[in-house]
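*Asks:* Here is my input, please return the structure:
(one chain, ligands or ions: 1)
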Amino acid sequence: MPITARVVQVARAGGADAMKLVDVPLPNGGEPGPGELRIRHHACGLNYIDVYQRSGVYPLPMPLSLGMEGSGVVEAVGAGVTHLQPGDRAAYASNPPGSYSSLRVMPAKCVVKLPEAIDFECGAAMMLKGLTAQYLLKRTQPQGGLAAGDFVLFQAAAGGVGLIACQWAKALGLQLIGTAGSDEKCALAREHGAAHVINYRSEDFAARVKEITGGRGVKVVYDSVGKDTFEKSLDCLAPFGLMVSFGNASGKVPPVDIGLLGAKGSLHLTRPTLFTHIATREATQAMADDLFATVRSGAVKIPVERRYALADVARAHEDLEARITVGCSVLIP
Ligand code: NDP
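*Replies:* Next up, the predicted model:
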């Protein structure tokens, strides 16, 4: 008997109202093929990348099932899958998308066992965002590396990735300067470990960074705001500093004149994505082990601040785009 899933799909790129909750029979009767598994979701993560995919900023073939992060229980595994079995609690960040659903069949290499100590909501919220904080802070290093006491700048520090990064940076001994769009968000970033905070809607963040660092600048800027902050972020870097442009919440960064990097102090620029880091099962597991250990140690708490029913996904996207959310949000199927 075919298995049907409730899935959030978009037929054509557009606004939040383009998303529809539909019943879709799983391919192949729901039987996982080689290297695949079927997972029943308990929670689905909400991420800004879902907005880019829904709206067409990142163009993908349509109709598109959305969502790249989830947790739940494995129901069946295909040939060759040995690291998970039916009944296991599991979580993932995945490409292709499709986690906004009651259940799905997907590549098993993206999926890891979820430790008993971590609940499904945290599991769904922490994989894409936590693994991103992991690779940003530990695998995206400036010249000479990062050491305790170093200054770094993290834009949008009160968001999902942001509040995880604030805590993790503190645990690593870094002095994270966090920006956010309101005084309340700044206070939250500080509570989560930011050493300094700047409201970038009311203050000149580059001037404040210079002030905080005694004129020197920071070793790394992590910038996911994109168009609105990119160029000024370069002004916050010390000579040889590293600009990590990893998102575009305010719009895509326009083409860059690489001469700027020389003029502003022999800067380094990278535009990473999580999906290069988690391309193999081994790398995914190693990064997830580090994330789980850090969460279990208490150094990082996963800030699940909002829960939405899957049927209310349009409201969840509207809130995310209106900059109303802080920390992580989950959808409950
Ligand atoms: P957030 O919860 O951080 O939400 C985005 C935040 O960006 C908003 O809350 C807002 O915070 C800020 N922002 C600034 N300008 C705008 C604008 N014009 N419109 C909307 N928001 C704006 O999202 P996530 O935690 O899901 O992701 C954070 C960023 O990291 C995203 O850009 C995402 O795409 C990127 N990312 C990149 C990955 C990669 O590997 N490259 C992986 C994961 C995430 P405020 O009000 O404080 O300004």
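*Asks:* can you list the residues of the protein near the ligand?
*Replies:* When proximity is defined as Cβ under 6 Å from any ligand atom, the chain approaches the ligand at 47-49, 128-129, 132, 156, 158-162, 180-181, 185, 224-225, 228, 246-247, 249-250, 272-274, 320-321, 323, 325. In this view, the C-beta of every residue, glycine as well, is placed from N, C-alpha and C.
*Asks:* buried subset of those?
*Replies:* Among those, those scoring as buried are 47-49, 128-129, 132, 156, 158-162, 180-181, 185, 224-225, 228, 246-247, 249, 274, 320-321, 323, 325 (criterion: 16 or more other Cβ atoms under 10 Å).
*Asks:* Return the subset of those residues lying in helices.
*Replies:* Tyr48, Ile49, Leu128, Lys129, Thr132, Gly160, Val161, Gly162, Lys185, Leu274, Leu320, Glu321 (DSSP state H).
*Asks:* Not counting sequence-adjacent ones, nearest residue to the second one?
*Replies:* For Ile49, ignoring the flanking residues on the chain, the nearest one in space by Cβ to Cβ, 6 or more residues apart in numbering is Met68 at 6.2 Å.
*Asks:* got the contact list for the one you found?
*Replies:* Gly45, Asn47, Ile49, Asp50, Ala93, Ser94, Asn95, Pro97, Ser99, Leu128 (Cβ atoms under 8 Å, 6 or more residues apart in numbering).
*Asks:* Let's see the ChimeraX selection covering just the buried ones among those residues.
*Replies:* Selection of the buried residues among the contacts of Met68 in ChimeraX, burial being defined by 16+ other Cβ under 10 Å:
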select :45,47,49,50,93,94,97,99,128
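*Asks:* what about Ala263, how many neighbours?
*Replies:* By other Cβ atoms under 10 Å, 10 other residues sit near Ala263.
*Asks:* pLDDT score assigned to it?
*Replies:* pLDDT for Ala263: 97.
*Asks:* ok so, going back, could I get the ones in helices among the buried ones among the residues of the chain next to the ligand in TSV, plus columns for pLDDT and distance to Leu260?
*Replies:* Output for those, formatted as TSV (pLDDT from 0 to 100; distance: Cβ to Cβ, whole Å):
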residue	pLDDT	distance to Leu260
Tyr48	98	26
Ile49	97	27
Leu128	98	31
Lys129	98	30
Thr132	98	26
Gly160	98	30
Val161	98	26
Gly162	98	26
Lys185	98	29
Leu274	98	26
Leu320	98	31
Glu321	98	29
